[in-house]
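> Requesting a structural model of the entry that follows:
(2 chains)
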Amino acid sequence: MDSGIDARLSKNSHLDFSVTKEEKMRVLRSYGYGIREATLQPKMISVLWLINLLFATVFFYTVFNFLARTIGKSQASDTLLQRLDFNFIFELLVHHGGAVHTMLCLFLILTFTYSLASIFLNGGILFTIAHPMRMTAAKGEKERFAGMFFQGAGKFFGRFFRLCIYSLLLWVLFIILHVLLNLAFRPLTASGTNEQIMLYLFWVRLAIGLFLIFLIRMILDYTRIKIVLEDTRYVFRSLLQTMVFIFRNFGKTLALYYLLIITAIILFLIYWGLKSLITSGSLFPILTAFIIGQIFIISRGWLKIALQAAQMEFYSQ
Amino acid sequence: MKKTVWMTLACLFILNQSVSAALSKHIVDYRIKARLVPEEKAVAASETLTWLNDSKVSISELQFHLYLNAFKNNRSTFMKESGHLSRDFKKDKENWGYNEIRKIGIKDGVDLTAAIEYIQPDDGNKDDQTVMRISLPEPVPPQEKITLEIEFYAKLPKVIARSGFFNDFFMVAQWYPKTGVLQDGKWNCHQYHRSSEFFADFGVYEVEITVPREYVVGATGKRIKEVDNSNGTKTYIHYQEDIHDFAWTACPDFVEFHELYTLENPPVKTEIILLVHRSHLKLKDRYLSSLKNAIEFYSQNYGAYPYPTVTLVDPPLKGLAAGGMEYPTLFTTFGASFLPKGLLLSEMVTIHEFGHNYWYGMVASNEFEEAWLDEGLNSYSEIKAMARYYGEDQSMIKMGPLKISDLDLSRLQVMATAQLDPIVKNSWEFYSGGSYATNTYQKAALTLLTLENYLGQNVMAKIMRTYFERWKFKHPTTEDFIAVAEDVSGHDLDWFFDQFLWSPDKLDYAIGALRSEEVKEQEGIFNGQFKTSEEKKEKDKEKVFKNEVNIVRKGELIFPQEILIIFENGEKIREKWDGRTRWKRFVYYRPYKLESACVDPEHKVVVDVNYMNNSRHLKPNKISPLKWTLELMLDFQKILTLISL
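Residues are numbered from 1 along each chain as shown, chains lettered A, B, ... in the order given. Below is the predicted model:
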């Protein structure tokens, strides 16, 4: 056997966690590209925010009417303006359980519908971000944002929806892994004598669970990127090929993903810090807190675009 | 000779002292020798029981509880009532538990083993063997005693309903043949039910417990002797008078702590013994501090704790089915190493279970038939103790902005449970386990707190203290409690107790409609004169509003109410209403409008199941719903972004 091929096969048959200095630069370059690209997309951020707000408005209307009818007339509203009194929360849940249940159903429907909308938006985001790359290749002229965004959203909705169905396989695998993990840990906790071990194992399970969730989401991200960049209709094959790609670039893809997660955590901490400064129960602080909240939601949209752009840049290299 | 006379006199004096020092009438005297057999998950024992016929009639049969037979098979009354048993429990023979009477007979007399008969006084379930009857060859005359010798084997179940084993943790409770209570010449000896606890006579217990040397043992009463045997075992002898049950525990993973507790007023001197599972050592200080609080609270409010010891047992996490249970001078608590400091479950369970030394231990009501007398009174005491030591509004949870009191949680449970049963009822006849617990614990506690707010704290404190003093070391009933309450308060309280104890109804008063309408000027013909509103306008008279406050009674329970009415200009009016009719209207003519009205503004009627409808604004407050809606909306938005991220 050719020794070069042998060496490559050997290298490719392992999870590659190693990140050289050059590769570190590559990850950082992609991260920087993602941040820059997202910052240059105010229209796209606005679309993401507005659609989120649209769903939230349905939520707002339902909840506000319910609360105004129930606690609005009662002096409970005065108390709740100052502090969280669980007597009233309990009473709300017990005495208006039917309404709360109906609202929960509505929220589930809203969440499901938003997931579909999100599949649709993903096509738009990736198609638009990929445009400069395609333009360079095709030397085409500049297109209008809306046309391009919704063209991409419509074009890839079917394929991304299929990907969503195929991804169920990964989620089933995730559940099986989790069950196996529980079974593996069971002998360690059977005696019940050392509760600390039970606690540590809980945290270990949680960490592994989160890791796997992020991993699956990352695989799906790269699959969508591959589908858009290659404009392929072979969704399942793309999913498998992406898994091979991630397997070969494990350390780098993870590093990039977690870099963006750290960015998300920093954004959240900033938001939390600002929000905790507002404590008064009058109208102005309430509206200020709401505006800060909306800025945070906008930043989430920005981060989503940054994530997609960074990963696309990394993949296209 | 002289010496003999003096010795005899001295003995008589000591005997007399010991008789007069007894706190209760000793109906039973148990001398038990028990040996733990860990590999069999069982206790092999012999028991010498002396029983006094304290009735006015001769008794020709004895009845005994054999509680462990509740776990013998799936046809026992306990198991039938419990419904589902886990597959894990059923599949292993070792998990089942039972009492086997190997021999029973009159001391130095007839063997009665062949006379053993199982009876089912509650439900006639022939498969239930939790009550044993022995016919005696000769009746026991009034005020005479009979001594029996019993050999028995207590196979413990895998920990379930208060007792059993988990690995090498053993909670040995309800484990020995225990007589029922003879009342008015009849045996009160109920079967073991899913929703019921126990009832027994006071007496003397001396129990020898032999376990492998590595086991740490805790037991009811004072340890009077400890013997290191040559065969790798140890024997502990415990003795206690004036109690009506005996439980013990053994586990090599217990760490034992001792501390002498003293209180000046009232004088209390007792040894605190903590048996903390080694995985919970960081909870030791929490247990100790809450137990000290409990001793102080109950001693100061009801009467000095009289026993020389109190033992707290902290079961391992997987043995928690034995947790949160009371026995005389010993109780099991609840703990887990990951329990946050702000979640005061260990404190609450410790205070509650210690409190049962009063309401169950000393005031020994019948838990089968009137469970509220111990659980209700004790939950009431526990809520007050938790509020005193951990804060009114955060006595159960204090974690950042999350503050929930013991009282809040009790109210939640009462609110959330359907009103299907009254508080006073045979424990096993409740609609469900949840209904039993809510009514006998929480609803009973809220009822007593409502009564306290009605009569005043001092009067209620006196009622409780008097009830304890009058009925300690006896078997009181609900009527006895009511009699004390009426006697001390000087009120006829039948109207209160008849409703609250014997009716399943709820209490809910609410503000109905609030109206403030301008009084229309006279229009039409009055005393032959025609009047128009135009005339009045010209005179530019001050406006007058007819302000109407409607109070409605939504529940069936009736209770006097206070109503606070506030007008726009800040004027406040307090009204009283006996609450009997379905609604009541108050009307006020004022040159200004109403602002709000509130029934029971201080929330004295804690048994009211809905506080939210207790008050009403004329103009709804929209800022508060807006604030909470915006917060919830933002959380919803965050969830949506997480889905799409």
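> okay, CA-based contacts and neighbour counts for the rest of this
OK.
> Residue ranges in the stretch 101-250 of chain A under the pLDDT threshold?
A:132-143, A:191-193 (pLDDT under 70).
> hmm, 90 instead?
Of all residues in the stretch 101-250 of chain A, those with pLDDT under 90 make up the ranges A:130-147, A:181-202, A:247.
> That one: helices as residue ranges?
A:145-189, A:195-230, A:235-248, A:250-276 (DSSP state H, counting those that start in this stretch).
> Please say whether there is contact between the second one and chain B.
The one in question is helix A:195-230. Yes. Interface with chain B: helix A:195-230 contributes A:195, A:196, A:199 (CA under 8 Å from any CA of the partner chain).
> filter the residues you listed to the buried ones?
A:195, A:196 (16 or more other CA atoms under 10 Å in any protein chain shown).
> hmm, back to that, just put the helices of the stretch 101-250 of chain A in a markdown table and tack on distance to residue B:229.
Shown next, in a markdown table, are these (distance: least, CA to CA, whole Å):
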| stretch | distance to residue B:229 |
| --- | --- |
| helix A:145-189 | 34 |
| helix A:195-230 | 33 |
| helix A:235-248 | 65 |
| helix A:250-276 | 63 |
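> For chain A, what is the nearest residue in the stretch 101-250 of chain B?
Nearest to chain A in the stretch 101-250 of chain B, going by CA to the nearest CA, is residue B:167, at a distance of 7.0 Å.
> For residue A:306, what are phi and psi?
phi -60, psi -40 (degrees, to the nearest 10).
> quick revisit: neighbours of the residue of the stretch 101-250 of chain B closest to chain A, how many?
17 (other CA atoms under 10 Å in any protein chain shown).
> is it fair to say residue B:211 lies in a helix?
No. Secondary structure of residue B:211 (DSSP: H, G, I helix; E, B strand; the rest coil): strand, not part of a helix.
> which parts of the stretch 51-200 of chain A sit against chain B?
When proximity is defined as CA under 8 Å from any CA, the stretch 51-200 of chain A approaches chain B at A:52-53, A:56-57, A:59-60, A:63-64, A:67-68, A:71-78, A:80-81, A:84-88, A:90-91, A:94-95, A:111, A:114-115, A:118, A:191-196, A:199.
> Only whichever of these are buried, select them in PyMOL.
To isolate the buried members of these in PyMOL, using 16+ other CA under 10 Å:
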select buried, chain A and resi 52+53+56+59+60+63+64+67+68+71+72+73+74+75+76+77+78+80+81+85+86+87+88+90+91+94+95+111+114+115+118+192+193+194+195+196
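> Residue B:484 in helix, strand or coil?
Following three-state DSSP, the label given to residue B:484 is helix.
> give the contact list for it.
B:463, B:466, B:467 (CA atoms under 8 Å, 6 or more residues apart in numbering or on different chains).
> Roughly how far does the spatially closest residue to the last one that is not a sequence neighbour sit from residue B:492?
Spelled out, it's residue B:467. In space, and not counting its chain neighbours, residue B:467 is closest to residue B:484: 6.0 Å by CA to CA, 6 or more residues apart in numbering or on different chains. In this view, residue B:484 and residue B:492 are 11 Å apart by CA to CA, to the nearest Å.
> for the stretch 51-200 of chain B, what are the low-confidence residue spans?
Ranges of the stretch 51-200 of chain B meeting pLDDT under 90: B:83-91, B:109, B:196.
> ugh, typo on my part, it should be the stretch 501-645 of chain B
Using pLDDT under 90, the flagged stretches of the stretch 501-645 of chain B are B:519-543, B:620-624, B:642-645.
> give me that answer again for 80
B:521-522, B:531-542, B:644-645 (pLDDT under 80).
> Which positions in it make contact with chain A?
Near chain A, when you scan the stretch 501-645 of chain B using CA under 8 Å from any CA, you find B:610-627, B:629-631, B:633-634, B:636-638, B:640-641, B:643-645.
> about what we covered before: neighbour-wise, which of the contacts of residue B:484 leads?
Neighbour max across the contacts of residue B:484 (other CA under 10 Å) = residue B:463, 23 neighbours.
> Run a quick check on that residue versus residue B:489, I expect a contact.
Yes. Shown here, residue B:463 and residue B:489 form a contact pair, counting by CA atoms under 8 Å, at 7.4 Å.
> What's the first helix or strand after whichever strand or helix holds residue A:54?
Assigning secondary structure by DSSP states H and E places residue A:54 in helix A:42-70. Sequence-wise, the next helix or strand downstream of helix A:42-70 (DSSP H and E) is helix A:76-82.
> What residue, apart from its backbone neighbours, is nearest residue B:513 spatially?
Using CA to CA, 6+ apart, the nearest residue to residue B:513 is residue B:550, at 5.4 Å.
> Assumed that neighbour was part of a strand.
Yes. Under three-state DSSP, residue B:550 sits within a strand.
> How much space separates it from chain A?
Separation of residue B:550 from chain A (CA to the nearest CA, to the nearest Å) stands at 14 Å.
> Burial check on that residue, number of neighbours?
Residue B:550 has 16 nearby residues by other CA under 10 Å.
> Equivalent analysis for residue B:530, please.
The tally of other residues near residue B:530 (other CA under 10 Å) stands at 10.
> list the contacts for residue B:314?
Applying CA under 8 Å, 6+ apart, the residues near residue B:314 are B:274, B:275, B:276, B:277, B:323, B:332, B:333, B:334, B:335.
> elements contacting the helix or strand hosting the first one?
Translated: residue B:274. According to DSSP H and E, residue B:274 maps onto strand B:268-277. Using 3 or more CA pairs under 8 Å, 6 or more residues apart in numbering or on different chains; DSSP states H and E as the contact test, the elements touching strand B:268-277 are strand B:254-263, helix B:284-301, strand B:309-314.
> repeat that for 7 Å
With contacts taken as 3 or more CA pairs under 7 Å, 6 or more residues apart in numbering or on different chains; DSSP states H and E, strand B:268-277 sits against strand B:254-263, strand B:309-314.
> can those go into a markdown table with extra columns for mean pLDDT?
Shown next, in a markdown table, are the helices and strands packed on strand B:268-277 (pLDDT from 0 to 100):
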| stretch | mean pLDDT |
| --- | --- |
| strand B:254-263 | 98 |
| strand B:309-314 | 98 |
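> which of those strands is buried the deepest?
Stretch with highest mean neighbour count among the helices and strands packed on strand B:268-277: strand B:309-314 (a mean of 27; mean count of other CA atoms under 10 Å in any protein chain shown).
> can you give me the helices for chain B?
Ranges of helices in chain B, per DSSP state H, are B:2-21, B:77-82, B:87-91, B:284-301, B:345-355, B:377-390, B:406-416, B:433-437, B:444-455, B:457-471, B:478-489, B:494-502, B:533-539, B:623-644.
> Can you name the residues of the stretch 101-250 of chain B sitting close to chain A?
Where the stretch 101-250 of chain B comes near chain A, counting by CA under 7 Å from any CA of the partner chain, the residues are residue B:167.
> Try it again at 10 Å.
B:166, B:167, B:168, B:169 (CA under 10 Å from any CA of the partner chain).
> Now, the residues you listed that are in strands?
When DSSP state E defines the strands, the subset of those inside them is B:166, B:169.
> In PyMOL, how would I select just the buried ones from the residues of the stretch 101-250 of chain B next to chain A?
This is the PyMOL syntax for the buried subset of those, where burial follows 16+ other CA under 10 Å:
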select buried, chain B and resi 166+167+168+169
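> how about the residues of the stretch 101-250 of chain B next to chain A in a markdown table, adding distance to residue B:44?
Output for those, formatted as a markdown table (distance: CA to CA, whole Å):
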| residue | distance to residue B:44 |
| --- | --- |
| B:166 | 18 |
| B:167 | 18 |
| B:168 | 17 |
| B:169 | 17 |
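> for the residues of the stretch 101-250 of chain B next to chain A, which one is nearest residue B:516?
residue B:166 (67.4 Å; CA to CA).
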